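A.B. asks: I would like the atomic coordinates for the input below:
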Amino acid sequence: MSVRKKFRELIAAPGMTMAPGAYDALSAKIIEQQGFEAMVAGGYAAMGALLAAPDTGQSNMRDYADHYARICGAVNIPVYVDADTGFGGVNNVRQMVRAFEAAGVAGLFISDQVFPNRCGYMAGKQVIPVEEMLAKMKAALDARRDPDLVIVARSDAFGVEGIDAAIERCQMYMDLGCDMAKPMGADSIEQFKRVLREVPGPQLANLSHANSTWKTTPKELEAAGAALCTFPSAALFAAVGSVTRAMMALKTHGNFDAVKNELSPLDDYYELVGLHRQTATEDGYLDAARAVIEKAKARKK
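C.D. replies: As a prediction, the model looks like this:
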């Protein structure tokens, strides 16, 4: 089964799938190793990892496509990604969908913010007219080659015009034929339940460390009916905390004794990155080559 079919099955299945966020290929591998069935790769984490910068729209489509390709190439589970505003008009959106599809993503979401896109939890957002967003989403739907690619519209109108406007936009995005539509920022359990009632289709929840005020729990969201719950920046924040403590220990004490329990054992790291499997594969190819040489020698006798 393709990762895209798997992602659609997870969304449609009873219960809620938890999807942590990867910021690079290695963090994606760790997420998969821990048994999660899907993951998200967002712009917030990408900008932190690639540029050590806040998520204020300073990257481009090709950088994202390369970044997502490395993440998708490292794992065998669905990766749901951030497509910002689509990186331009309808023709840019079409190019983006083709590039992200080629990168291997299982699903993507596009925001109705003005360009440059900002993290949905940052101040200063603006949204484009709804007809412009509908045109972009139509272009995205028409551009996909694989019908199993999940295409989601995200409305940031909640933080600009309120929840009524965000829900109305999401209803129109679903009327257009999007697979899901999410009002960004409607994160309280009461708001989420209203969205579930009024916006057709499955609904995903977002518990981001970029939102310092969220108090809703995954169990509450699952009980309400969420199909998917993303944790887009958890791994990024965990990495920043752990690396900071390790470097502080080295600078202060000249060693890592104070944080030795946070450092991966060498064997565990090699198991994670597949060193032994890679070596075994190399040996297999050499064995095949030697067998051909031996056969050639035998013909000469």
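A.B. asks: In what element of secondary structure is the closest residue in space to residue 255 that isn't next to it in sequence found?
C.D. replies: Nearest residue to residue 255, sequence neighbours excluded (C-beta to C-beta, 6 or more residues apart in numbering): residue 249, at 7.2 Å. Placement of C-beta: from N, CA and C, glycine included. Following DSSP states H and E, one finds residue 249 within helix 234-253.
A.B. asks: what does residue 192 give?
C.D. replies: Element membership for residue 192, per DSSP H and E: helix 189-198.
A.B. asks: and what of residue 133?
C.D. replies: helix 130-143.
A.B. asks: Give me the distance from stretch 228-237 to the chain's centre.
C.D. replies: Its chain's average C-alpha position is 9 Å from that of stretch 228-237, according to C-alpha atoms, centre = their mean, to the nearest Å.
A.B. asks: who touches that stretch?
C.D. replies: With C-beta atoms under 8 Å, 6 or more residues apart in numbering as the test, stretch 228-237 has contacts from 10-11, 16-23, 27, 30-31, 38, 40, 42, 44-45, 48-49, 80, 82, 202, 204-210, 218, 221-222.
A.B. asks: 6 Å instead, please
C.D. replies: 16-21, 23, 27, 40, 42, 44-45, 48, 204-210, 218, 221 (C-beta atoms under 6 Å, 6 or more residues apart in numbering).
A.B. asks: same deal with stretch 76-83?
C.D. replies: By C-beta under 6 Å, 6+ apart, stretch 76-83 touches 3, 6-7, 32, 37-43, 68, 71-72, 96, 105-108, 110.
A.B. asks: how about low-confidence regions in the stretch 1-150 of the chain?
C.D. replies: 119-122, 124 (pLDDT under 70).
A.B. asks: now the strands for it?
C.D. replies: 17-20, 39-41, 79-82, 107-111, 150-155 (DSSP state E, counting those that start in this stretch).
A.B. asks: which helices and strands sit right next to the shortest one?
C.D. replies: Packed against strand 39-41, as judged by 3 or more C-beta pairs under 6 Å, 6 or more residues apart in numbering; DSSP states H and E, are the following elements: strand 17-20, strand 79-82.
A.B. asks: picking that back up, check contacts around the residue nearest to residue 255.
C.D. replies: Counted by C-beta under 6 Å, 6+ apart, residue 249 has contacts 256, 258, 259.
A.B. asks: count of neighbours near residue 17?
C.D. replies: 20 (other C-beta atoms under 10 Å).
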